[in-house]
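*Asks:* Build me a model from this:
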Amino acid sequence: MSGIWHAALVGVVAFGVGLACGAINIRLLASMGRRVVDSANSKPFAISSLFRVAAFGIVAGVFAAYGPWWSMALYLVGLLVPYALHVTNVWREL
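*Replies:* Numbers count the residues shown, from 1 in each chain. Next up, the predicted model:
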C-alpha cells in the first residue's frame, strides 16, 4: 500500500474511533452524572473521569505514534463531535 493511501486510511480509522470513543464517553458521563445526583457522592465521578481522560488520551497518543501526526487531530475532532451534537440537542430543547 502506498504511503498516501496508508495515511488516508489511518486518518479515516482515527476519525471513526474518535466518534465511537466520544459516544462511549458521553454515555459514561451521563450515567455517572445521574449517579452523582442520586447519591450526592462525587468521588466515583471524579475517579471515573480521570480514568476516561487517561484511556482516551492513550488512544490519541497511539494514533500520533502510529500514523501521521494529523491522525491524532482527526481522532480528537471525532471525539468531540458527540459532545457538540449533545450540546446542540440540549440547546434546542431549551
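
*Asks:* host element of the residue lying closest to Gly78 once chain neighbours are set aside?
*Replies:* Spatial nearest neighbour of Gly78, excluding adjacent residues (CB to CB, 6 or more residues apart in numbering): Gly18 at 2.3 Å. For glycine as for every other residue, the C-beta is placed from the backbone atoms N, C-alpha and C. Applying DSSP states H and E as the criterion places Gly18 in helix 3-39.

*Asks:* And for the residue nearest to Gly78, the neighbour number?
*Replies:* For Gly18, the count of nearby residues is 26 (other CB atoms under 10 Å).

*Asks:* my guess is it meets Ala73, correct?
*Replies:* No. Using CB atoms under 8 Å as the test, Gly18 is too far from Ala73 to be in contact (9.6 Å).

*Asks:* just to revisit the earlier point, now the angle from whichever helix or strand comes after the helix holding Gly18 to helix 3-39?
*Replies:* Remark: after helix 3-39, the chain's next helix or strand is helix 43-66, criterion DSSP H and E. Between the axes of helix 43-66 and helix 3-39, defined by axes from the mean of the first three to the mean of the last three CA atoms, to 10 degrees, the angle is 180 degrees.
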